[in-house]
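Novice: 3D, please:
(2 chains)
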Amino acid sequence: MLEFESDQWLFAAKSVCGLGHERIGEPCQDDARAAVSRSGDWMAVVVCDGAGSAARAKEASSLAAERFSEALVELSEKLETTLPGDWVNDFIVGKILAIRETFRALSNSSEIREFHTTLVAALLGPSGGLGIHIGDGALYGGKADVDPAGADPCSLKSEPENGEYLNETFFITSQDWIKHIRVFPLGNVDWLVLCSDGGDALLSDSKQQLKPGFIGPLLTMCGPSASAASLAQGIDALLSDPNANSVTHDDKTIAVLVKNHKRKETGDLGQKWQGLWHKKSAESDDLAVIKRGQRETSETSNVTTRKAKAGKLKPKSKIEKKRFSTLFIISIVMFIVVLGVLLGVLFYTKKEATNSPRSVEQRVEGASAGVKSPKRSSDKSDSTSVAPQDAPPPAQNSQKKGPSEKESESERNIPKASETKV
Amino acid sequence: MNVDYSNNAQQRTPCVLVLDASGSMGSRGNNGKTRIDLLNEGVKQLELALKSDEAAVSRVQIAIVIVGGPTNDAELLMDWTDANYFQAFPLSSGGVTPLGKGIRLGLEAIENGKSELRQQGISYTRPWLMIISDGEPTDPPSEWQMTVTQARQAEQQKKAEVFCIGVEGANLSRLGEVSSKPPLELDGLKFSELFIWLSSSLSAASRSRPGDTVQLPSTDPWRNVGI
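Specialist: Alright, predicted model coming up:
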């Protein structure tokens, strides 16, 4: 089930094949499923991402998502009659073991590696529920009626778990899966968003914070007049946008579950997020700095490594810009002082020349000597003010030959360019 | 609708090249070019190939350790540089082959590079250490042994992928000691082919997603399989 609408719920999920798989003619290896309890009070949502390297990834994610959503509905029925306790964890572990057994039976060997898949799941009831997460992908949730000026509208977050390396994660089929399973209470949230890592690349920033400019439009699609079909269409449009392919080539899945009465009471769920976004855009000065900072982060991170030895690691901040401008002012003041001294010297020599019968050459020599030395000192003050950190340590570069000279040249140019842009 | 599609998924695939520029690399082949000339052309090819690859250009990072050469020592000649800023520069040959020291410098650069990326919150794939030599290490035996231990450990602990490429005349068995993967022998002097392969391999690694095994292109264009 990928679309569902009832008195209690509005749900839609969509998977869109990433360019990476599309290009080589492979199917989307993400899958999403939802199931609803007989009472209609509980909903289970599961998103699974089959590993690219696994031969039967597609099969694995579909099967795991379907079985596990059914299992969660079964759990909800138990929860209606039994108080939660340890048995809930045991139940979940048991169901995953059963899925692993199924994979083993389907596989010709005892290896279930060919069925590698991650799992992000949620079971939400009238007053809370629980989440289950193994591997990457993410889960986000929040209340509908958050004070606009108040806290983060996202009150619940289950982050992706990766190994040290970007291309390593954990699967329900991993040997040590039990170490990586996370079971957590959902709290009384009004909306939930579950996604595969491809979907998460669109939803969140590098600090794993939801981007108001993406979650806002997504939740706005759950407005009072929305239907499950229109929501599914909306998600599809967001995921299929050509811009999405510039962010990730991976398969993308997003599933959205909203409590229906909240949606109708609140009106536009995404408004607060949109508000956050527009508010930020309106705070021109500060945000401009943040935005520039971000752009520079990506720019500087390109060059930082080359500058590592020069001790320059952090992207330029506002403070640094301030320091730059003070240094600039100081150097101007110094220049004026030097100019004054120079004029004084000139005036003095001229006066002397009129007083004593010195030759013209001597006068010129004296003047040029007078010009030279202060100019050198002003040069010095200039260079220290403009590029105090950009200049690489001379000791390292003097040893290197041709190329490193070229490098240090560009090293000095790049940060300067970004400074002048500001 | 106005939607924020900004891309914050920064990631890197680091690769350190440990290049032999010892005296023997100055020997001339049939076409009159020296090995070092061909190596230099190869590195230039690497630059161009990386820059023309949409994934690699923003994700692959290169560092270069030179072994031998005019200073007759091993040194980190180019610290981590993103592919779009990478500019190949000619190496000149000379001296002996302190390969052990070069490999240790490479491993050190990898650890430094990783901690720097971590500090900046940039994720990365497993770094590569690529050794290209036409001779055998001239390090004192104890130091070479230390290098072998370090490199093997780095490989076992998944700190780096170690690849050894032997150019004609290389002592392949000594070279092979530093990696669990057998050393590959370059066919003739196909440096260009080797570096183009390296570029597409790094590109494949940089595009890999969680759970992927990286499918490397075939090494046939440059590899001497022996008959």
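Novice: which of the residues in the helix or strand where A:A237 lies are buried?
Specialist: Assigned by DSSP states H and E, A:A237 belongs to helix A:228-240. For helix A:228-240, burial by neighbour count (16 or more other C-beta atoms under 10 Å in any protein chain shown) applies to A:A228, A:S230, A:L231, A:A232, A:Q233, A:G234, A:I235, A:A237, A:L238, A:L239. C-beta: built from backbone N, CA, C; applies to glycine.
Novice: could you dump those to CSV with pLDDT and distance to B:V3?
Specialist: Listed next are the buried residues of helix A:228-240 as CSV, based on pLDDT from 0 to 100; distance: C-beta to C-beta, whole Å:
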residue, pLDDT, distance to B:V3
A:A228, 94, 21
A:S230, 94, 16
A:L231, 95, 15
A:A232, 96, 17
A:Q233, 95, 15
A:G234, 95, 11
A:I235, 96, 12
A:A237, 95, 9
A:L238, 94, 6
A:L239, 94, 11
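Novice: out of these, who's near chain B?
Specialist: A:L238 (C-beta under 8 Å from any C-beta of the partner chain).
Novice: Closest one to chain B out of the buried residues of helix A:228-240, please.
Specialist: Checking the buried residues of helix A:228-240 against chain B by C-beta to the nearest C-beta gives A:L238 as the nearest, at 6.5 Å.
Novice: residues contacting that closest one?
Specialist: Taking C-beta atoms under 8 Å, 6 or more residues apart in numbering or on different chains as the definition of contact, the neighbours of A:L238 are A:L202, A:F214, A:P217, A:L218, A:A244, A:I254, B:V3.
Novice: Filter those residues down to the ones in helices?
Specialist: Among the contacts of A:L238, the members falling in helices are A:L202, A:F214, A:P217, A:L218, A:A244 (criterion: DSSP state H).
Novice: Can you show me the CA trace of stretch A:102-109 as PDB?
Specialist: Written as PDB, here are the backbone C-alpha positions of stretch A:102-109 (Å, rounded to 0.1, in the frame of the first residue of the first chain):
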ATOM      1  CA  THR A 102      12.900 -16.200   4.700                       C
ATOM      2  CA  PHE A 103      15.900 -14.800   2.800                       C
ATOM      3  CA  ARG A 104      18.000 -17.800   3.800                       C
ATOM      4  CA  ALA A 105      15.300 -20.100   2.400                       C
ATOM      5  CA  LEU A 106      15.100 -18.100  -0.800                       C
ATOM      6  CA  SER A 107      18.900 -18.100  -1.200                       C
ATOM      7  CA  ASN A 108      20.700 -21.200  -2.500                       C
ATOM      8  CA  SER A 109      23.400 -20.900   0.100                       C
END
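Novice: For A:Y348, see how far away B:E161 is.
Specialist: Using C-beta to C-beta, to the nearest Å, one gets 72 Å for the distance from B:E161 to A:Y348.
Novice: Can you pull the poorly scored residue ranges out of the chain?
Specialist: Just going to use chain A. Within chain A, the segments meeting pLDDT under 70 span A:146-151, A:275, A:277-326, A:350-422.
Novice: Correction: the question concerned chain B.
Specialist: Residues of chain B that meet the criterion pLDDT under 70 lie in B:1, B:7-9, B:211-214, B:225-227.
Novice: chain center to the lengthiest helix in it, what's the gap?
Specialist: Criterion DSSP H: the longest helix present in chain B is helix B:99-119. Distance of helix B:99-119 from the chain centroid (C-alpha atoms, centre = their mean, to the nearest Å) equals 12 Å.
Novice: Packing partners of it?
Specialist: In terms of contact count using 3 or more C-beta pairs under 8 Å, 6 or more residues apart in numbering or on different chains; DSSP states H and E, helix B:99-119 is assigned the packing partners helix A:284-307, strand B:11-21, strand B:60-68, strand B:73-82, strand B:123-124, strand B:128-133, helix B:141-156.
Novice: go again using 10 Å as the cut-off
Specialist: helix A:284-307, strand B:11-21, strand B:60-68, strand B:73-82, strand B:123-124, strand B:128-133, helix B:141-156, strand B:161-166 (3 or more C-beta pairs under 10 Å, 6 or more residues apart in numbering or on different chains; DSSP states H and E).
Novice: tell me what the helix or strand just after the second one is packed against?
Specialist: Put plainly, it is strand B:11-21. Counting by DSSP H and E, the next helix or strand C-terminal to strand B:11-21 is helix B:35-51. Using 3+ C-beta pairs under 10 Å, 6+ apart as the contact criterion, the elements in contact with helix B:35-51 are strand B:11-21, helix B:56-59, strand B:60-68, strand B:128-133, helix B:191-206.
Novice: right, is the longest one up against chain A?
Specialist: In other words, helix B:191-206. Yes. Contact between helix B:191-206 and chain A, assessed by C-beta under 10 Å from any C-beta of the partner chain, occurs at B:A205, B:S206.
Novice: before we move on, the earlier item: look at B:E161 and A:Y348 and report which has more neighbours.
Specialist: Per other C-beta atoms under 10 Å in any protein chain shown, whichever of B:E161 and A:Y348 has more neighbours is B:E161, with 18 against 12.
Novice: ok, now which ones touch the nearest residue to the more buried one once chain neighbours are set aside?
Specialist: Nearest residue to B:E161, sequence neighbours excluded (C-beta to C-beta, 6 or more residues apart in numbering or on different chains): B:W128, at 4.9 Å. Applying C-beta atoms under 10 Å, 6 or more residues apart in numbering or on different chains, one finds that B:W128 lies in contact with B:13-17, B:60, B:62, B:106, B:110, B:160-163, B:198, B:201-202, B:205.
Novice: Repeat the analysis, applying 7 Å as the threshold.
Specialist: Under the criterion of C-beta atoms under 7 Å, 6 or more residues apart in numbering or on different chains, the neighbours of B:W128 are B:C15, B:A160, B:E161, B:F163.
Novice: Next one: the first one relative to A:N162, how far apart?
Specialist: It refers to B:C15. Looking at B:C15 against A:N162, where the rule is C-beta to C-beta, the gap reads 21 Å.
Novice: In terms of neighbours, single out the busier of these two.
Specialist: For B:C15 against A:N162, the residue with the higher neighbour count under other C-beta under 10 Å is B:C15, and the figures read 29 against 16.
Novice: The more buried one and B:S199 touch, don't they?
Specialist: No. Using C-beta atoms under 7 Å, B:C15 is not in contact with B:S199, being 9.7 Å away.
Novice: so which of the helices and strands packed on helix B:99-119 comes closest to A:G20?
Specialist: When these are ranked by proximity to A:G20, the top entry is strand B:11-21, at 14.2 Å, counting by C-beta to C-beta.
Novice: which neighbours does that closest one have in its sheet, and in what orientation?
Specialist: With DSSP bridges as the criterion, the sheet partners recorded for strand B:11-21 are strand B:60-68 (parallel), strand B:123-124 (parallel), strand B:128-133 (parallel).
Novice: For whichever residue of the stretch 201-350 of chain A sits closest to chain B, which non-adjacent residue is closest in space?
Specialist: When distances are taken as C-beta to the nearest C-beta, the stretch 201-350 of chain A reaches nearest to chain B at A:G213, 2.4 Å away. The spatially closest residue to A:G213, leaving aside those adjacent along the chain, is B:D4, at 2.4 Å (C-beta to C-beta, 6+ apart).
Novice: Contact partners for that neighbour?
Specialist: Applying C-beta under 7 Å, 6+ apart as the definition, the contact partners of B:D4 turn out to be A:K211, A:G213, A:F214.
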